[in-house]
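Mind looking at a prediction? Sequence and model below.
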Amino acid sequence: MQSLTRFFHTCVFALLWCLAVAPSFSRAADNTAIPAIAAASDLRFALDDISQKFTNETGLKVKISYGSSGNFATQIQNGAPYELFLSADEKYIQQLHRAGIALDAGVLYAQGQLAIVVPKTGRLSVDPELKGLAEALAAGKITRFAIANPDHAPYGEKAKEALQFVQLWDAIQPKLILGENVSQAGQFAISGSTQGGIIALSLAMSPTFAKHSDYAIVPAKMHSPLFQRMALMAKAGETAQHFYDYLRADSARRVLADYGFSLPEQP
């Protein structure tokens, strides 16, 4: 009987202890939840810098995945649990908003630019008007040239437009190596396995790329604008909201400018 009494007291104590600490466990879980962020791959270096500053200043963390905007839009439509999406083309945010998946139409956070890049060990000269590329192509010196896949990567779409603008698309198309996203295209372009590529200026300006390549900015007149828009998804939590607000602050915008992005006026 005495042992049963002790067992009963032990069970009651354990139950009361669990009830007492359960709220604190719940709060801790909420506070440490790390939201998944989808970001266009042209943001890889800039957003890594910004997210580190965000964590240092707030103690909050985010988990960022980089890839092509078109692929992310499809994944989100199919239920991928991203809480914030930074697209390289605003049309994907607009699609998600119309579908009721994005919280609202979001905001423009940057306008992207293209750059032609070549390995430092290569012989292709770089210039804004792509004349060096045209000459090398005519001389049969271009066997492999990298861009992102135009079908789902905005920077690939704009690279195609630029090549069409200078009437090189038909000639260069058989030589193209397509990256799944612009970051992968950039890796191909400076690897030495290609003669170069057309990628995001933000990647070409990064220290990682600058060590291995030379670049020239492709004029905006050669392609339609790269309006980059971001939006919270309907189920976004507090940390994602804080990060979204942080991205609109002056400190984050300065980092984007440092990586060659043009900045829209704040609404």
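Cool, the structure landed.

Any stretches of the stretch 151-267 of the chain with poor pLDDT?
By pLDDT under 70, the low-scoring segments of the stretch 151-267 of the chain are 266-267.

Share the number of residues neighbouring the closest residue in space to T121 that isn't next to it in sequence, please.
Closest residue to T121 apart from its sequence neighbours, by C-beta to C-beta, 6 or more residues apart in numbering: G192 at 6.1 Å. No exception for glycine: its C-beta is placed from N, CA and C like everyone else's. By other C-beta atoms under 10 Å, 12 other residues sit near G192.

so G192 makes contact with R123?
No: the criterion here is C-beta atoms under 8 Å, and G192 misses it with R123 at 11.7 Å.

which residues in this structure form helices?
All helices of the chain, identified by DSSP state H, fall at 2-32, 44-58, 69-77, 90-98, 131-138, 154-165, 169-172, 182-190, 201-204, 207-210, 238-247, 250-258.

Could you say which one of the ones you listed comes nearest to G106?
Relative to G106, the nearest member of the helices of the chain by C-beta to C-beta is helix 90-98, separated by 5.0 Å.

Show me which positions of that closest one end up buried.
Neighbour counts over helix 90-98 (16 or more other C-beta atoms under 10 Å) mark 90, 92-97 as buried.

between those, which is closest to L247?
When the buried residues of helix 90-98 are ranked by distance to L247 (C-beta to C-beta), I93 comes first, at 13.7 Å.

ok, for that closest one, nearest residue in space, not its chain neighbours?
Per C-beta to C-beta, 6+ apart, closest to I93 is R229, 4.3 Å.

Just give me the neighbour total for that neighbour.
If you count neighbours by other C-beta under 10 Å, R229 ends up with 24.

Kindly report the same for the one 4 residues further on.
For M233, the number of neighbouring residues by other C-beta under 10 Å comes to 21.

Tell me which residues touch the residue found closest to it once you drop the neighbours it is linked to in the chain, please.
For M233, ignoring the flanking residues on the chain, the nearest one in space by C-beta to C-beta, 6+ apart is E83 at 5.4 Å. Counting by C-beta atoms under 8 Å, 6 or more residues apart in numbering, E83 touches 35-37, 232-233, 235-237, 240.
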